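Novice: What follows is a predicted protein model with its sequence.
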Amino acid sequence: MKKFLGYILSIIFWFCFGLSLIIFHPIQWLCLKFGGYNAHKKSVDILNACLVASYYTLFNRVTFIDNKSIPLGQPIIFVANHQSTFDIPPLIYFLRRFHGKFISKIELASGIPSISFNLKHGGAANIDRNDPKQSIAEILKLANNMKTKNWSAFIFPEGTRSKTGKMKAFHVGGIATLLKKNPNALVVPIAIKGSYEMVQYGMYPLTPFLHMTWEVLDPLDTKDKDIEEIVKLAEETIKQKVEK
């Protein structure tokens, strides 16, 4: 029955989700052209609020457990497990105060209304996985912006989405590059649960009547730890929440 209702409700969802992307594409362009970074970021924040709201057309419930103890005014590396494409809008919207930027595949930076525009012009690191030199240069550019502008970064160290909810091993590379340029950055784990179920049948039908959670955990104690130990600690901390 849930899958059957998914066929019907997914049509409503994709209409709302897609309409938001189409409407906000020219809005982003106008905001960037006439208002610069801050106006553009505000439009992206509102866009992602609309995208999160579209989840409710499937009667899916979003619980975002924020962590108000995390300070502003310094670079933060948010490290999260990755379950689906739909992990991203709640991160952007609910953590908008941190000016978080993503490390994303370069393929996503073209052809997708609103999303590609933001990746191109909003400060993301758009990496070509087949070109290590280009990838490192993009991540270094983001790392420098974190240092000079107090931006933050979102990174999914698994590299690919988990289709079952069971976490994959974390990779060191991206986090290592960001920390090398920002050794005093806070490393903050985020545990995402349940979003993989939304796409268990693919992008159509989407699964309705789910409860999905995002939980921002306390910053890791990175003192006297090398990069490998920090990444392993992040993985274990998130896994305790996701797979318990």
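Specialist: Good, I have the coordinates. If you're wondering where the values come from, they're calculated on a predicted model, not measured in any experiment.
Novice: Which helix or which strand is home to Val44?
Specialist: For Val44, the host element (DSSP states H and E) is helix 2-54.
Novice: Repeat that for Arg129.
Specialist: Under the assignment here (DSSP H and E), Arg129 is part of no helix and no strand.
Novice: Which residues are in contact with it?
Specialist: Contact partners of Arg129, counting by C-beta atoms under 8 Å, 6 or more residues apart in numbering, are Lys105, Ser135. Every residue, glycine included, has its C-beta placed from N, CA and C.
Novice: now do 10 Å
Specialist: Going by C-beta atoms under 10 Å, 6 or more residues apart in numbering, Arg129 touches Lys105, Ile106, Glu107, Ser135, Gly159.
Novice: How about Thr160?
Specialist: Neighbour list for Thr160: His82, Lys168 [criterion: C-beta under 10 Å, 6+ apart].
Novice: That one and Met167: what is the separation?
Specialist: Distance of Thr160 to Met167, given as C-beta to C-beta, to the nearest Å: 11 Å.
Novice: where do the contact lists of these two overlap?
Specialist: His82.
Novice: if we can go back for a sec, got the angle for the helix or strand just after the helix holding Val44 vs helix 2-54?
Specialist: Using DSSP H and E, the next helix or strand after helix 2-54 towards the C-terminus is strand 61-65. Inter-element angle recorded for strand 61-65 and helix 2-54: 50 degrees (by axes from the mean of the first three to the mean of the last three C-alpha atoms, to 10 degrees).
Novice: For strand 61-65, buried residues please.
Specialist: For strand 61-65, the neighbour count (16 or more other C-beta atoms under 10 Å) marks Val62, Phe64 as buried.
Novice: Quick one: list the elements packing against that strand.
Specialist: Contact here means 3 or more C-beta pairs under 10 Å, 6 or more residues apart in numbering; DSSP states H and E; on that basis strand 61-65 packs against helix 2-54, helix 88-94, strand 186-193, strand 211-216.
Novice: Could I get the ones you listed in CSV, plus columns for mean pLDDT, distance to Ile65 and mean neighbour count?
Specialist: Conversion of the helices and strands packed on strand 61-65 to CSV gives the following (pLDDT from 0 to 100; distance: least, C-beta to C-beta, whole Å; neighbours: other C-beta atoms under 10 Å):
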stretch, mean pLDDT, distance to Ile65, mean neighbour count
helix 2-54, 98, 15, 16
helix 88-94, 98, 9, 21
strand 186-193, 98, 9, 22
strand 211-216, 98, 4, 18
